[in-house]
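S.K.: sequence isn't available, so here's the structure alone:
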Ligand SMILES: [Cu+2]
């Protein structure tokens with residue numbers, strides 16, 4: 001009996017020691033447009049144990065995407081394209097309304113029908129990360145802050 005308890009706790013300790021993924025994205029969601037033909041925007045929080053550079057994000061529900069950053073230029077909201085977004089170790093980078101976002105152009109009909117989709121984040125080092133994302137219709141509350 002004593003032996004099996006020891007074996008069980010060893011197994012539990014092993015499970016707890018599984019390394020966390022080096023790079024992770026969480027709280028991913030897409031804001032769908034109110035008017036068909038307009039772009040959507042994708043948001044998430046990205047963090048990495050090692051320095052990474054995000055160079056692109058794609059999803060099966062959009063034909064084309066760009067990394068953007070919104071800014072307030074003397075009271076005028078403007079956005080500019082970003083060629084890439086650096087992620088420093090253990091410094092989460094937030095993509096959120098009013099700031100960094102992924103602009104998604106030429107949405108497929110699936111975008112309006114499904115509740116969830118996948119975002120594929122691509123990095124300069126050739127690696128990629130798939131993230132599950134909620135599809136949020138215009139007027140619906142975002143699932144994350
Ligand atoms: Cu934009």
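M.R.: Arrived safely. Keep in mind that what you see is a predicted model, and the values were worked out from it rather than measured.

S.K.: which parts of this structure sit against the ion?
M.R.: Residues of the chain found near the ion (C-beta under 5 Å from the ion) are 68, 79, 103. No exception for glycine: its C-beta is placed from N, CA and C like everyone else's.

S.K.: can I get these in TSV including neighbour count?
M.R.: Formatted as TSV, the residues of the chain next to the ion follow (neighbours: other C-beta atoms under 10 Å):
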residue	neighbour count
68	17
79	17
103	17
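
S.K.: need the per-residue pLDDT for the closest residue to residue 63 other than its chain neighbours.
M.R.: Leaving aside its sequence neighbours, residue 63 sits nearest to residue 106 (C-beta to C-beta, 6 or more residues apart in numbering; 3.6 Å). As predicted, residue 106 sits at a pLDDT of 97.

S.K.: return the per-residue confidence for residue 13.
M.R.: Reported pLDDT for residue 13: 54.

S.K.: likewise for residue 76?
M.R.: 86.

S.K.: which single residue of this protein ends up nearest the ion?
M.R.: residue 68 (3.3 Å; C-beta to the ion).

S.K.: next one: phi and psi at the most centrally placed residue in the chain?
M.R.: With distances taken as C-alpha atoms, centre = their mean, the chain has residue 44 as the residue nearest its mean C-alpha position (3.7 Å). Dihedral pair for residue 44: phi -170, psi 170, per degrees, to the nearest 10.

S.K.: what do you get for residue 112?
M.R.: phi -90, psi -10.

S.K.: that one reaches residue 33, doesn't it?
M.R.: No. Assessed by C-beta atoms under 8 Å, residue 112 is found out of contact with residue 33, at 9.4 Å.

S.K.: name the SS class of residue 143, please.
M.R.: coil (DSSP: H, G, I helix; E, B strand; the rest coil).

S.K.: relative to residue 88, how far out is it?
M.R.: Applying C-beta to C-beta, to the nearest Å, the value for residue 143 to residue 88 is 27 Å.
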